[in-house]
Each structure stands twice: as structure tokens, then as C-alpha cells.
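> output the structure for:
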Amino acid sequence: MLPWLAILAMVAANALYVAAEFSAVAAQRVQIAQLAEAGNRRAATLLAILEDGTRLDRYIAACQIGITLSSLVAGAYAQATIGFDLAPLLARWFELSAEAAISTAAIVVLLALTGLQVVLGELVPKSLALQYPERTALVTLVPTRWSATVFRGFIWLLNGSGFLLLRPFGIKPGGHQHVHSPDEIKLLIAESTRGGTVSTETSKRLERGLQLSERLIRDIMIARDRIYALERSSPPDEIVRAAHESPYSRIVIYERTLEHVVGSVSVKDIVAHYAEQGEVPALDSVTRPIPSVRDTEPALRLVRLLQDQKSSKAIVAGEDGKVIGFVSVADVLAEVFGAEAAA
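As a prediction, this is how the structure comes out:
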């Protein structure tokens, strides 16, 4: 029984490394991060590995070396023990010569071991890792990290050799990036919607959010011809008319031409001043600065740009610096939630 137990141990080791490799690639960082924030030390360790391309490279390399070594050791040991014992039996049962019996025993052992490795050492652990990636990654973390320490020399040698071969193609170390492409995320959203995990409305919002990542500010802005603007010296009656007719919460203020924007005023400030003072305010007294952004900036960066400028609106300028539109955080929200933006 000892040879069989030893071979099963090698198959189990192979299964461990296969599960560790697939789960490390499939595990969701968001869920691991939540566990880490809840105080799970193992999750915190795993998260540090997943977020570091170089460490993840070494982790995956340890799995691959473990898979290779366990398979080679299992094969060599099986041939030296089971194959050696099987050859005389085959020679007696089928009246084979010694050489033919040894060759036949080697083939039989190879086929049997291959089937065992494929089913128990590859397919089963892979399925479990893909079905429960976070749980599997946490379970296999400790032995895999220990293996990475033991295999450190092999990893350095083999990874180094691989990187030398890949260098002419412009591929650098640390290439494992634990991210999904937009197409993969769309597929995950569709699968989650079909499975009932994500509602149809939430699915639509997520898809619109992905579409936003591919759009520029000029794609979501209010065009120049739709901007409500006032010259800074406008009389009270024009201010009242603009505040009444504007569909937006802010009105752009310019000096002489729209190419010289000095800021914007809130309709609410105009109304509040009138309610308190009984008169329409001078525009300079309620005008607030407004930043300018380029139309070629990604739409996803708009929120951060406006946060840095401490503003919720911005003038959009083209390549020549001329004003071509107006944009606000509401326009970003409208893209995601499908609501009509109110600038």
C-alpha cells in the first residue's frame, strides 16, 4: 500500500497547486479586501500578494513548479515501484518476454497515472477553485507561501530565464495584473444578471458605467450653443429673465465674449439675495470661479478633476483653447443612472 499512498500524496500535492494557481487568478480583490478589513489576517496577506505584480508572479511560479515536480515525482516513483511489480505479473499472465512486459507495464502505469492526475489532480481542483475562488485561495495560501519559500532558488532561476527570453518582445517582470478587461466585466455582469445575483436595473447602470470609461468629456458635455450665459455687466432685468428661463442650476458669466469666462452664478444665490435684500444682486457679488477642462480628457476623470478644483461644474475647452461646452458632475451621473442631467 505504501507506493499507492505515496502516489496519492503526489496527486494531492498537484491538486493543491492547481487549486492555488486558479484561485489566485480568479479571486475577486474586492471580496478579499472586505475580509481583510474585517480582521482576517490570511486575507490581508493574500490581498498584498494579489496587488503586487512581482509577488503574484512568484506565487504563480511556485504553483507551476509544484505542479511540475509533483507530476514528475509521481511518475518516476510509480514506474520504479508499481511498474516494477507489475512487469512480472504481465509476463506470467500474457506470456510476454521480460522486455515486452517491462514496456507494457510502463505504458499501463503511465496511462493509469495520467488519468488519475487529470481527474483528481487537475479537473476537480480547477473546478473547485473557479467555483469558490476566494475560499480556495485562502485555504491554499499557507502551503503555497511555504512552497514559494522552499522553491525560491528555482523561481529566481526559472523566472529570470523566462524574462530574458521575453525581454526582446518588450514584456517586463511583474506582468500578472489582477484585473478584468471591460469585455470580461460585461460578461460577468451578464452572467450575474441571468443568475439573479444582479437586478436588471443594476445591470444597466453597471453597463453604462463601463461605457463611460470609454468616453471623453466632449461626449457628455452640454454643447456651447446650449450654454446659458450672461455678460458680467448685464442689467437686473436680463439677470431675472436668465434665472427664470435657464434649465440649469448655474449660469455662466463672461466678459465681452464667451471666450472670456470669469465664473458662474447659482440661480439659488440670485433668488436668496433677492429674498433677503429685495433687489437683484450685481453679478460680480455672486459670481464664483469655474475651472476649465479639456474636451479630450476621459469622462471618468472629470469627477476627480472637479474635486481637485472644489467645483461641481467646468467649462470645456477645445484644442485651440476656445469654449466649446459646459460639463458638470450631474452629466456624469446622467450617463451612469440614465437620468437627465441638471447642470
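
> could you list the domains of this structure?
2-169, 182-212, 217-337 (automatic domain parsing).

> export those to a markdown table and tack on mean neighbour count?
To be clear about C-beta, it is placed using only N, CA and C from the backbone, and glycine gets the same treatment. A markdown table is the format used below for the domains of the chain (neighbours: other Cβ atoms under 10 Å):
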| stretch | mean neighbour count |
| --- | --- |
| domain 2-169 | 17 |
| domain 182-212 | 14 |
| domain 217-337 | 16 |
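
> okay if I get those as TSV plus mean pLDDT?
Listed next are these as TSV, based on pLDDT from 0 to 100:
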stretch	mean pLDDT
domain 2-169	88
domain 182-212	65
domain 217-337	84
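
> so residue 223 sits right up against residue 318, yeah?
No - with contact defined as Cβ atoms under 8 Å, residue 223 and residue 318 do not form a contacting pair (11.6 Å).

> now for the two: what residues contact both?
Common contact partners of residue 223 and residue 318 (Cβ atoms under 8 Å, 6 or more residues apart in numbering): residue 324.

> show me how far stretch 120-137 is from its chain's centre.
21 Å (Cα atoms, centre = their mean, to the nearest Å).

> same check, this time on stretch 219-234
That offset, for stretch 219-234, works out to 38 Å (Cα atoms, centre = their mean).

> which other residues reach it?
212, 238-239, 242, 245-248, 251-256, 258, 261-262, 265, 283-284, 287, 295, 299, 302, 316, 323-327, 331-332, 334-335, 341, 343.

> and if you look at stretch 57-73?
10-11, 13-14, 16-18, 20-21, 24-25, 49, 117, 121, 144-145, 147-148, 151, 154-155, 158-159, 173-176.

> please repeat the previous calculation with a cut-off of 6 Å.
10, 13-14, 17, 20-21, 49, 144, 147-148, 151, 154-155, 159, 174, 176 (Cβ atoms under 6 Å, 6 or more residues apart in numbering).

> quick check, nearest of those to residue 91?
Using Cβ to Cβ, residue 10 is the member of those that lies nearest residue 91, at 27.2 Å.

> which element, helix or strand, includes the closest one?
Residue 10 belongs to helix 2-26 when assigned by DSSP states H and E.
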